[in-house]
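**Q** Give me a model of this one.
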Amino acid sequence: MLSGACRRENNRPHGLEYQTVAPGLDHYPGTRHYRVNQADKAAILGLMRLPIADTFTPAVAGPQSMAAVRVLRISVTDRCNYRCVYCMPAEGVPWLPKEGVLTFEQIVHVARVAAERWGVRRFKLTGGEPTVRRGIVDLVAMLSRSGLADDLSLTTNGQLLETLARPLREAGLHRVTISLDSLRPDRFARVTRTGD
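**A** All right, here's what the predicted structure looks like:
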C-alpha cells in the first residue's frame, strides 16, 4: 500500500508493499503488481477523471514504480499554435473543453503529491504547446514558490519565447527545451503548416 509521505528506500518508496494481487498476470518474470490504496485512488480520480483499477501492472519496459520516475512531465494544455504533420491532421483536432484541463491549483497538487509521496523533484511542463496556455507565467511562479521543484523546465516550439522567455525566467523557470523540426525555412513551414 502507498501510505503517507514516502521516502526513498533501496530506490523505491518507503512503505510500498510489493505483492502479487493478480496471479493471472504473472507471465512476465519480475513483474510486480501494486495495490492502490483508496486515498491515492480518490486523489487520482478526482484530479484526472480517469477510471483507475484497484491493481495495475506497470509496462515491462517502463518504470517499475513511481520511485523510478525522476522527471514528471505535466501537460498543461492540449492546444498548439502549429499543425505539425506528425501530430495532427491539416484541419486540426477538437480541443478539450476548459473543464477537461487541469487548473493551476490541480497541477500544483499533482506536483505536491509526486514530491511528497515519491520524492520527485524535477518537473517538465509540456503540452500541446505550453506557452499558449493563458497564465503560463503564473503557473511557473506557483510551482516555483511551492518549493517542490529542484528543476522546473518547459518544452516548447519556441514561437512565443520572444515575449515569454524573460517573464518565465523571472517567475522561476530553470530551463527550456526547444523542439525545432528544421533549420530550413521551406521544410519547417511544410512540417509545421503554420510556422515561419
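**Q** Who are the contact partners of the closest residue to Arg79 other than its chain neighbours?
**A** Counting by CB to CB, 6 or more residues apart in numbering, Arg79 lies nearest to Gly128, which is 4.7 Å off, once chain neighbours are set aside. Every residue, glycine included, has its C-beta placed from N, CA and C. Neighbouring residues of Gly128 by CB atoms under 8 Å, 6 or more residues apart in numbering: 75-80.
**Q** ok, of those, which one's closest to Glu170?
**A** For the contacts of Gly128, the minimum distance to Glu170 (CB to CB) is 18.5 Å, reached by Val76.
**Q** correct me, but the closest one touches Arg133?
**A** Yes - under the criterion of CB atoms under 8 Å, Val76 makes contact with Arg133 at 4.8 Å.
**Q** Looking at these two, which one has more neighbours?
**A** A direct count of neighbours by other CB atoms under 10 Å for Val76 and Arg133 places Val76 higher, at 23 against 20.
**Q** how about the more buried one, phi and psi?
**A** phi -100, psi -10 (degrees, to the nearest 10).
**Q** Please determine how far it is located from Gly147.
**A** Distance from Val76 to Gly147, counting by CB to CB, to the nearest Å: 20 Å.
**Q** Leu160 too?
**A** 27 Å.
**Q** Same question for Glu170.
**A** Glu170 is 17 Å from Gly147, by CB to CB.
**Q** which of those two has more neighbours?
**A** Looking at Glu170 and Gly147 with other CB under 10 Å, you find the greater number of neighbours at Glu170, namely 12 against 9.
**Q** residue ranges of the strands in the chain, please?
**A** 8-9, 12-13, 34-35, 55-56, 71-75, 122-126, 151-156, 175-178 (DSSP state E).
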